[in-house]
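>>> Output the structure for:
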Amino acid sequence: MAENISEQQKFLIKTLKENGASLVGFGDVSSVKSEIAKNFPVAISFGVKYDQKVVENLHLDEESFHNHLVELNTPIKQLISIIENLLSKWGYQYETVPINILIKDNQQLRELQTFPHKTAATCAGLGWIGKCALLVTPEYGPRIKLGTALTKAPFSTAEPIVKDKCGECALCIEACPYGAIHNVNWEREIEREKLFDAYVCNEKRLDYIPVIGRKHSCGLCLQVCKIGKVV
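Prediction:
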């Protein structure tokens, strides 16, 4: 069985990467305070990188950046479908995490109960949480969109990342137009509110609805991050 599960895991990684996944990892989430993690203790975490040109130009063309984020939902859903099909074929139970929840107001943000994609990614060793509360990967920095499936399949898991590697860098703090980033270094179990005021960020971007008909995508914090930045 051990050999079989190992071959299945290798095949899953290969298939996901052949179909557009930039990063794939497996993490033990059994210690995470979440009911779903108790039932499905292994996270399959993957990411699709952003188009670097779109990111570098987002301060001049926010609409293209917004459209790019929306377009990335398609390959993420396709990759989730691959995971679902393979896990079903192999007889493993699983749950997938939604990727495109539209947050309409801060009340909805407070009540959001889904398993965090970023938690799965840190448990899978793909990266750490930056001061801006985004996942930062060594390869692409925060310029990556995540997908997650939780399963009972006994895949081997990576060493989790439990502290950030941002050090004294303050580029995202300086770039935030709303002062929402608190210049605090992340470590596992720290509350998001200590790093970043998600409610201020959400509220300020919702203010754009009367002007552009939707929430502003901003992205300045991920644009300035020097990790994974193409120079």
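
>>> The residue nearest to K152 when sequence neighbours are not counted: what's it in contact with?
Residue nearest to K152 in three dimensions, not counting chain neighbours: Q93, with 4.8 Å by CB to CB, 6 or more residues apart in numbering. Every C-beta, even on glycine, is put in place using the N, C-alpha and C of the backbone. Contacts for Q93 (CB atoms under 8 Å, 6 or more residues apart in numbering) come out as 40, 87, 151-152.

>>> And those residues, which is closest to I209?
Comparing these against I209 with CB to CB places F40 closest, at 36.0 Å.

>>> surely the closest one meets T151?
Yes - in this structure, F40 is within contact of T151 by CB atoms under 8 Å, at 5.5 Å.

>>> can you list residues touching both of the two?
Common neighbours of F40 and T151 (CB under 8 Å, 6+ apart) are 93-95.

>>> any chance of these in CSV, plus distance to Q8?
Shown next, in CSV, are the shared contacts of F40 and T151 (distance: CB to CB, whole Å):
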residue, distance to Q8
Q93, 14
Y94, 13
E95, 18
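
>>> Inside helices: which ones of those?
Using DSSP state H, no member of those falls within helices.

>>> Give me the three-state assignment for K229.
For K229, the secondary-structure state derived from DSSP: H, G, I helix; E, B strand; the rest coil is coil.

>>> Spatially nearest residue to E63 (excluding sequence neighbours)?
Closest residue to E63 apart from its sequence neighbours, by CB to CB, 6+ apart: I212 at 7.8 Å.

>>> What's the separation between the one you found and C201?
As judged by CB to CB, to the nearest Å, I212 and C201 stand 17 Å apart.

>>> who has more neighbours, the two?
When I212 and C201 are compared for neighbours, C201 comes out ahead with 21 against 12, by other CB atoms under 10 Å.
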